[in-house]
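[1] Okay, predicted coordinates and the sequence, questions at the end:
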Amino acid sequence: MRQQNNVNAMLANKKKRLIISMNNIPVADRNHVMNVDRGKLSKEIEKLIEVRNAYKSGIILGSKKSKEIKACLVKKKTSFWNLPKEKELKACYANKKINAWDSFYMKNIINDQIDVLALNQILEIDKNSKLAKGNEMIEEMKKSNIRSDKVLRAMYNAASDNSPADQVLAGITYMVATGANHPMAIKLLNGTLHVDALAPKKYKKVQGGERASYQILTSGDTNKANTIYIPANVQLSSIRDKATIIHELTHAEDDLNATSNREVNELDFEAKAYKEEVKYFMDEYIKEQNEDISELKMGGTRLDFFDKNLNPIRYWALIDVMKNNTVLRNRYLKHFVGESFYQNIEADLASTFSANTNLRIALTKAGYSSQRNIELITKQGHFYHGKL
Ligand SMILES: [Zn+2]
């Protein structure tokens, strides 16, 4: 793009639509465009992470007990409670043994320091986004033991246009992914997969519908490749919303794992994502039931998400998952006792008719087609609409 011939083409086509072949844009230039004004972790946090990693990986070989470490650092006039320098730590630790307790203790001290810095930054970004999700995010980080510095890194690296709203939604998507041990968590952290937040009304206009969506390819004036589009009213406290994110992460996984260009049938593509979505929903639902928080239960999640008439796609995805996995069938089934459609579930589980066929019928009724293929392409273009 920054190549002179491309610049010339752009200048000559100022008022017209211009498509430049990806082959004519070097990788460095593509990355430049993708990462203009991308935020990053402060040097202070990076230094603390470096020290934490040194503990983890054993770069700091052996040590004295923590009291001795402190004494050593004080002697070297390094503020232990602020930021121990790796070089100084190494000098203090040289040739000594460190026991597990010391390592744990130090890691926690460092993590506390990182939290102070990273959580403040997350709250600041949230304030600028005006989405008011910061406290909800911090609650969830504490509850699920998710590291604040990783959330912050994902917020910077996975934000589509580096707007505070994109950063907040990127953080939320990362939290859902890492909470589910999803392989896309790392792709959000390293910026391969992006998240774009849209105001709900705009989402409806641009993407259609009210849920989230994943874009494989850059197309038109709005869609960017390798990007999950999410309406900004998504809630971390809603299992349904989080399950929707898992659905889109499943699409992203299929796309980003494609090592060569290939086509996948739209019904297969969607059936897989819906099955992952319902499994996640049930696992989270069971966790919520097991939590001893009566408040949660009172306003809690309802299973009409799976009502056969209201939601045939999810219903048949659930039946298919349960038919093919006895462990999940036993785990899930008891939670439906008392639901109006429990009889349906029992009958359909006993039936020899394929649940997957019914799932495909339900998907077809919703507008998906067995005649359409989704193209998974390894070399996508990107679209950027911000200042360059
Ligand atoms: Zn889908």
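    Okay, I see it.

[2] neighbours around residue 238, how many?
    Residue 238 has 13 neighbours, counted by other CB atoms under 10 Å. Using the backbone N, CA and C atoms, a C-beta is placed for each residue, glycine as well.

[3] what residue ranges in this protein score low on pLDDT?
    1-2, 15-17, 19, 21-23, 54-106, 210, 218-222, 292-300, 378-388 (pLDDT under 70).

[4] Looks to me like residue 301 is in a helix.
    No. Under DSSP: H, G, I helix; E, B strand; the rest coil, residue 301 falls outside any helix and is assigned coil.

[5] mind checking how far the closest residue to the ion within the stretch 51-200 of the chain is from residue 333?
    Using CB to the ion, residue 184 is the residue of the stretch 51-200 of the chain that sits closest to the ion, at 14.3 Å. Going from residue 184 to residue 333 by CB to CB, to the nearest Å gives 29 Å.

[6] name the element the residue in the chain positioned nearest to the ion belongs to?
    Distance from the ion to each residue of the chain (CB to the ion) is smallest for residue 273, at 4.4 Å. Here residue 273 sits within helix 266-290, counting by DSSP states H and E.

[7] That helix packs against which elements?
    Judged by 3 or more CB pairs under 8 Å, 6 or more residues apart in numbering; DSSP states H and E, helix 266-290 is in contact with helix 239-256, helix 294-298, helix 312-324, helix 326-333, helix 355-365, strand 373-376.

[8] Tell me the buried residues in the first one?
    Buried residues in helix 239-256, counted by 16 or more other CB atoms under 10 Å: 239-256.

[9] contacting residues around it?
    Residues from elsewhere that reach helix 239-256 (CB atoms under 8 Å, 6 or more residues apart in numbering): 172-173, 176-177, 180, 182-184, 187, 192-193, 211-214, 216, 226, 228, 230, 234-236, 264, 269, 272-274, 276-278, 280-281, 284-285, 288, 301, 305, 376.

[10] Measure how it sits relative to helix 266-290, angle-wise.
    Helix 239-256 runs at 140 degrees relative to helix 266-290, counting by axes from the mean of the first three to the mean of the last three CA atoms, to 10 degrees.

[11] Also the fifth one?
    Angle of helix 355-365 versus helix 266-290, following the same axes, to 10 degrees, is 110 degrees.

[12] in helix 355-365, what counts as buried?
    355-356, 358-360, 362-363.

[13] what sits against the residue lying closest to residue 279 once chain neighbours are set aside?
    Counting by CB to CB, 6 or more residues apart in numbering, residue 279 lies nearest to residue 321, which is 5.8 Å off, once chain neighbours are set aside. Residues in contact with residue 321 (CB under 8 Å, 6+ apart) are 275, 278-279, 328, 332.

[14] Surely residue 172 touches residue 133?
    Yes. Contact status for residue 172 versus residue 133: in contact at 6.7 Å, counting by CB atoms under 8 Å.

[15] quick one, which of these two is more surrounded?
    The neighbour count for residue 172 versus residue 133, taken as other CB under 10 Å, is higher for residue 172 (28 against 23).

[16] The more buried one: which element?
    Counting by DSSP H and E, residue 172 is part of helix 164-179.

[17] Pull that helix out as PDB, backbone CA atoms only.
    Extracted in PDB, the C-alpha atoms of helix 164-179 (Å, rounded to 0.1, in the frame of the first residue of the first chain):
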ATOM      1  CA  PRO A 164     -12.000   2.200  23.200                       C
ATOM      2  CA  ALA A 165     -15.300   0.300  22.400                       C
ATOM      3  CA  ASP A 166     -13.400  -2.200  20.200                       C
ATOM      4  CA  GLN A 167     -10.800  -2.600  23.000                       C
ATOM      5  CA  VAL A 168     -13.500  -3.300  25.600                       C
ATOM      6  CA  LEU A 169     -15.200  -5.900  23.400                       C
ATOM      7  CA  ALA A 170     -11.900  -7.500  22.500                       C
ATOM      8  CA  GLY A 171     -11.200  -7.900  26.200                       C
ATOM      9  CA  ILE A 172     -14.600  -9.400  26.800                       C
ATOM     10  CA  THR A 173     -14.100 -11.800  23.900                       C
ATOM     11  CA  TYR A 174     -10.700 -12.800  25.200                       C
ATOM     12  CA  MET A 175     -12.200 -13.500  28.600                       C
ATOM     13  CA  VAL A 176     -14.900 -15.700  27.200                       C
ATOM     14  CA  ALA A 177     -12.300 -17.500  25.000                       C
ATOM     15  CA  THR A 178      -9.700 -18.100  27.800                       C
ATOM     16  CA  GLY A 179     -12.400 -19.000  30.300                       C
END
